[in-house]
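Enquirer: missing the sequence, but the structure's below:
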């Protein structure tokens, strides 16, 4: 697992094996960032179910000015911290929250984000539930891009409240969906 582009291009990230973690592959990550590359510079990013921090760190490497990593798993957040240290990232531009994602979505009332990455554990099949809750939250604004990874067997609708799916790409049993607010 490595950073594909930006100021940390080529740097390998710390990872670990666990049932709840399946880092986004380079192929999926490259497709994702090619699609949203112009939305990343100067953006505020939210990385839900951050795991190792792979997506948020890629965004930071490509010019995001703030990344908020959220996961309920302590070991995942330890890996995020190790990756931040390895890359020597200024932690004033980073926030890490150890909290259940649904609790975070429900209770969050601070700034909205420009880009939101969602990569829930594939064993839990919760993409639909996450998008349903997110659609009623204060996490996004009219220009926010939301990406979510799911598996083909999961339910993922084309719209959730004001959010609509404007693109998706299949990668074998994985689906990468892109959402934004309907204007």
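Expert: Arrived safely. This one's a predicted model, so the numbers in the text were calculated from it and none came from an experiment.
Enquirer: which residues of this structure fall in helices?
Expert: Shown for the chain, the helices assigned by DSSP state H span residues 26-36, 54-61, 74-87, 101-107, 127-135.
Enquirer: The third one to helix 54-61, inter-axis angle?
Expert: Relative orientation of helix 74-87 versus helix 54-61 (axes from the mean of the first three to the mean of the last three C-alpha atoms, to 10 degrees): 30 degrees.
Enquirer: quick one, which of the helices of the chain is nearest to residue 117?
Expert: Shortest distance between residue 117 and the helices of the chain, using C-beta to C-beta, is found for helix 54-61: 4.2 Å. Backbone N, C-alpha and C define where each C-beta goes, glycine included.
Enquirer: How about residues contacting that closest one?
Expert: 1, 3-9, 11, 13, 23-24, 29, 32-33, 40, 43, 45, 47, 50, 64, 67-69, 80, 83-84, 87, 89, 93-94, 115, 117, 119 (C-beta atoms under 8 Å, 6 or more residues apart in numbering).
Enquirer: And for stretch 96-104?
Expert: By C-beta under 8 Å, 6+ apart, the surrounding residues in contact with stretch 96-104 are 48-49, 68-72, 74, 77, 80-81, 120, 129-130, 133.
Enquirer: ok, back up a step: just name the most buried of the helices of the chain.
Expert: Across those, averaging neighbours per residue (mean count of other C-beta atoms under 10 Å) puts helix 54-61 on top, at a mean of 27.
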